[in-house]
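[1] Below: sequence and its predicted model.
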Amino acid sequence: MINCIAIDDEPLALELLADYCSRIEYLNLVRTFTRPSEADMYLQKFPVDLIFLDIQMPDISGIDFFSSLKTEKLVIFTTAYGEYAVEGFSLNAVDYLLKPIMFTRFEKAVSKTRDYLDYLNNKSSARDNSIFVRSEYKLCRIDVSDINFIEGLDNYIRIFTEHSRPVISHMSLKAISERLPGDTFLRVHRSFIINCSRDLSYSNRNILLGEKKIPVGVSYEENVKSFFGLRKSGKPEVQNTRYQ
Amino acid sequence: MYRFEAILVPALFYISFCYLNYFLFTPKLFITGRYLLFIIVCAACLGLTITLPSVISVSLHSFPPAFIEGPFPGFLFQSVLPDFETSSLLNTMYHRPGGWYYFFRPEFSYTIIVFLFILTLSSGIRIIQEWQQTEKERVNAELAFLKAQINPHFLFNTLNNIYSMAVIRDEKTPSAIEKFSNLMRFVLYETQHDFVPLTRKIEYIDTYVELQKMRLSEMVTVNYEKTGNPGGLQIAPLIMMPFIENAFKFGVSTERASAITIRIDVQDGEWLHFYAGNTRNPLLEKDNTSSLVGIENTVKRLELIYPGKHTLNIDESGKEFVVELNLHLK
């Protein structure tokens, strides 16, 4: 069960959220507030898992309100003015909902929150094969088996998946590799991690993954060769393992 | 005979130059910034004005100009110089336009002065007219833009609220949509006129206030009063609305109780007393200057459309922001 509160200066927006929350059984909307100061006092006394927070309010913006909170809370921002309203703020928001909020979109954001809470509490579930990364000011869930390879660019990584657009996140390759299962993912270059369960071919210090040619770094060559069974007498599971 | 031509032929040149310059050279060359070409064209015209009338005049008269008495026919103005200038010596010069002293003839100075006078006059008139035209277009475009404008935040907020009402099956949803539709009709079609009936304008304000009330929390009180009979009166658009929008923009707070007051009173069938007041919220005023621009524009419009027919008093010294406007509509 997720306990949540909602803050919005417009009563009708709160009524909408209350209606949506009542349709989702694992979501418990404890209270709604039109006064952020009242919500602040409430949050100091009672534990809450999630806040639905409007960005444009007359006395304090949702972003300022969230930054001023003493304890870390999960937040889903709601805004009528598009994502530009949150650009430049790297807050730990789970999601942003653009008004008018459709129920399906709301459901998606809430289910992501549930998975993230499970993930934080290390609860293993059927959805265990997912990782969470921050991308474009919100939390993004990626199915590990969907990842083809990950490219590192200075302080950013780009995650290329089978089914959706590449996801860009502000973190290092080292940090992401620690969160990936070591038996399926292999570091092959200073800036590349690949998913070994894909069809791969190796030649000329390059790995061909689908259409994409990925270079193999000098210091990673040994690792790669042993993976392809070139030095050791490993199983030849990969086709075209010709090495020159 | 030639005296008549001596005036007519150069005069025709001056007149045609005047019109050519007004309709062609100034708008096509000077205003578009091709100054060098403009100077060349004008110099060429001056040259023609100096030389051609003489040539024409001569060719019209088959008799040798030596017989011509008096000042030279090619120029509009007579020489002020004494008689000897008109002697046969000058007549001889006249026949030899190639000679260097030809250009020192005193008559030229008159031609040049008249030419420059016409040039300055026709160009000047044209430039002033062009400037007035662009200024007028600019003001019109600005006004059309302002008229067509509706605060997008208000628009989206209202739509979002109607969406919420529809989701929670609020029975007032159809009436909210109807109000919204009325508002849009007014904004899109009726603000295009220079004047609108005051009754329509007040209906619009009714709708606007109703839609605004829909989104406000219980911390905000809205007092909206109408008195008098607005029938038969007309008002220019964008006179009252900027003040009302302003009151709703800056008079709301979620933390403190605040009030928005709007009063419209029509007296004696010709006077409009308008009042808009709101509790000031310093947190909102902090980083918003755009509303002041809106008010400045309204003040300008009042001076333009109702000169000497209005009094406007804006008081922001206290806890309330108050606008009082008296407008004579007849």
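    Yes, it's here. Residues are numbered from 1 along each chain as shown, chains lettered A, B, ... in the order given.
[2] Low-confidence bits of chain A, can you list those?
    Where chain A drops to pLDDT under 70, the residues are A:83-91, A:122-128, A:230-244.
[3] Contact partners for the residue most central in space within it?
    In chain A, the residue lying closest to the centroid (Cα atoms, centre = their mean) is A:Cys140, at 2.4 Å. Residues near A:Cys140 by Cβ atoms under 8 Å, 6 or more residues apart in numbering or on different chains: A:Phe132, A:Val133, A:Arg134, A:Val167, A:Ser169. Just so you know, the C-beta spots here come from the backbone N, C-alpha and C atoms, and that holds for glycine as well.
[4] packing partners for whatever helix or strand the first one lives in?
    The secondary structure element spanning A:Phe132 is strand A:130-135 (assigned by DSSP states H and E). The contact analysis (3 or more Cβ pairs under 8 Å, 6 or more residues apart in numbering or on different chains; DSSP states H and E) places strand A:130-135 against helix A:103-120, strand A:138-143, strand A:167-169.
[5] Pull the residues that contact the helix or strand just after the second one.
    The helix or strand immediately downstream of strand A:138-143 is strand A:147-153, counting by DSSP H and E. Identification of contacts with strand A:147-153 by Cβ under 8 Å, 6+ apart yields A:157-162, A:172-173, A:176, A:180, A:185, A:190-195, A:198, A:209-210, A:212, A:214.
[6] How many neighbouring residues does A:Asp177 have?
    Let me fix one detail, which is that residue A:177 is Ser and not Asp. 16 (other Cβ atoms under 10 Å in any protein chain shown).
[7] Next: A:Tyr119.
    The burial count for A:Tyr119: 17, using other Cβ under 10 Å.
[8] Please report the distance of B:Glu137 from B:Gly318.
    Applying Cβ to Cβ, to the nearest Å, the value for B:Glu137 to B:Gly318 is 42 Å.
[9] and the next element down the chain from the lowest-mean-pLDDT helix or strand in chain B?
    Using mean pLDDT, DSSP states H and E, helix B:88-95 stands out as the lowest-scoring helix or strand of chain B, at a mean of 51. Following helix B:88-95 in sequence order, the next helix or strand is helix B:106-148 (DSSP H and E).
[10] picking that back up, reformat the helices and strands packed on strand A:130-135 into JSON lines and put distance to B:Ile295 next to each item.
    Shown next, in JSON lines, are those (distance: least, Cβ to Cβ, whole Å):
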{"stretch": "helix A:103-120", "distance to B:Ile295": "39"}
{"stretch": "strand A:138-143", "distance to B:Ile295": "39"}
{"stretch": "strand A:167-169", "distance to B:Ile295": "44"}
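[11] which parts of the stretch 151-300 of chain B sit against chain A?
    B:153, B:156-157, B:159-161, B:163-165, B:167-168, B:214-219, B:252-255, B:281, B:283-284 (Cβ under 8 Å from any Cβ of the partner chain).
[12] I'd like the list of those that fall within strands, please.
    Among those, no member is found in strands (DSSP state E).
[13] Let's see the PyMOL selection covering just the buried ones among the residues you listed.
    To isolate the buried ones among these in PyMOL, judged by 16 or more other Cβ atoms under 10 Å in any protein chain shown, type:
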select buried, chain B and resi 157+159+160+161+163+164+165+167+214+215+216+217+219+252+253+254+255+281+283+284
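[14] Spatially, what comes nearest to A:Ser164 if we skip its sequence neighbours?
    A:Asp146 (7.8 Å; Cβ to Cβ, 6 or more residues apart in numbering or on different chains).
[15] mind listing what that neighbour touches?
    Residues near A:Asp146 by Cβ under 8 Å, 6+ apart: A:Thr161, A:Glu162, A:His163, A:Ser164.
[16] Look at the third one and tell me its secondary structure.
    Translated: A:His163. Following DSSP: H, G, I helix; E, B strand; the rest coil, A:His163 is assigned to coil.
[17] And the residue nearest the centre of chain B, how close does it get to chain A?
    By Cα atoms, centre = their mean, chain B has its centre lying nearest to B:Lys136, at 2.2 Å. Distance of B:Lys136 to chain A, given as Cβ to the nearest Cβ, to the nearest Å: 36 Å.
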